[in-house]
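J.: Sequence first, predicted coordinates after that:
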Amino acid sequence: MFELKGKYLTARYYARKIPTLSLYIYEMSHVEKSSFFYKTIPFETRLFNLQNDYQKDYSKGLQYYFRQAERINFEIKRPDLIPDLDEMYQPIIESKNLNPVLPGALKKQSNYYYSAIYHPELGRLAAHLNIGDWEERKAFAYLNASAFRSFSKSEDQQMCSTANKFLYHQDMIYLKSKGYRYFDFVGTKEPINQMKKQFGGEVVTTYTHVPYPIYLLKELKRAIGGG
């Protein structure tokens, strides 16, 4: 289990047990039922078993792009921190109406795996943050930032897309070498699921347990805001 802390709330991921009472949100647990205190919400995710030959499920199109990527002199870096990852991610938040990066989420930590891919002429095209849960031997795809929207030429945008996918391919190989057994692509929501489908994997159902006081407060806020 690991935690992501927001300004007011903390979410715990992959919990094996859900306590009777708690003000933590328990995200993506395999525990199906919890106490009366929680609203339980099913959540589908795309999971890869890194112990198996998961690459055989890559689509033909994805394999074609990876063959192209192998011929390009991409450079992959794995720094301890990418301080501007949230800035790179901001255009994606705005275009897809995603939640902002949590305050303080970008930090140096032993189970935080940053990666970035560079083109010899176009520069940095994509960057990722995957979070490892060693107890579960599972890596969680937390942030996926691409420079796609900074390019106007379709060929540069395609290069960006190829680089981003290739970086995930390399991330999975790297995380497997670190002893992780599973890679969680986190969710099946469209349109990003179209990219995830190309990798294959298995769609599994997890469960998010939200304390009712927090759940009802969020529903009230949504009703007042009209969203």
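T.: Yep, it's here.

J.: other SSEs contacting the longest helix along the chain?
T.: Secondary structure of the chain per DSSP state H: the longest helix is helix 154-177. Helices and strands touching helix 154-177, as assessed by 3 or more C-beta pairs under 8 Å, 6 or more residues apart in numbering; DSSP states H and E, comprise helix 60-71, strand 112-119, strand 123-133, strand 138-146, strand 182-184. Every residue, glycine included, has its C-beta placed from N, CA and C.

J.: between it and strand 138-146, how big is the angle?
T.: Going by axes from the mean of the first three to the mean of the last three C-alpha atoms, to 10 degrees, helix 154-177 is angled at 160 degrees with respect to strand 138-146.

J.: Can I get the helices and strands packed on helix 154-177 in JSON lines including distance to Ile92?
T.: What follows is those, written out as JSON lines (distance: least, C-beta to C-beta, whole Å):
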{"stretch": "helix 60-71", "distance to Ile92": "20"}
{"stretch": "strand 112-119", "distance to Ile92": "15"}
{"stretch": "strand 123-133", "distance to Ile92": "11"}
{"stretch": "strand 138-146", "distance to Ile92": "6"}
{"stretch": "strand 182-184", "distance to Ile92": "19"}
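
J.: most centrally placed residue in the chain?
T.: The chain has Ala141 as the residue nearest its centroid, 2.6 Å off, counting by C-alpha atoms, centre = their mean.

J.: where does this structure dip in pLDDT?
T.: Within the chain, the stretches with pLDDT under 70 are 191-192, 226-227.

J.: let's see 90
T.: By pLDDT under 90, the weakly predicted segments of the chain are 6-8, 73, 86-105, 149-150, 187-195, 218, 221-227.

J.: returning to that earlier point: Ile214 is nearest to which of the helices and strands packed on helix 154-177?
T.: Minimum separation from Ile214 across these (C-beta to C-beta) falls at strand 138-146, 21.3 Å.

J.: Can you spell out which helices and strands pack onto the closest one?
T.: Where contact means 3+ C-beta pairs under 8 Å, 6+ apart, strand 138-146 is packed against helix 85-96, strand 123-133, helix 154-177, strand 182-184.

J.: Name the stretch among these that sits most buried.
T.: Ranked by mean neighbour count, the helices and strands packed on strand 138-146 are led by strand 182-184 with a mean of 23 (mean count of other C-beta atoms under 10 Å).

J.: Who are the packing partners of that one?
T.: Using 3+ C-beta pairs under 8 Å, 6+ apart, strand 182-184 is in contact with strand 38-49, strand 138-146, helix 154-177.

J.: Would you mind getting the angle between the shortest one and strand 38-49?
T.: Right, strand 138-146. Between strand 138-146 and strand 38-49, the angle comes out at 80 degrees (the same axes, to 10 degrees).
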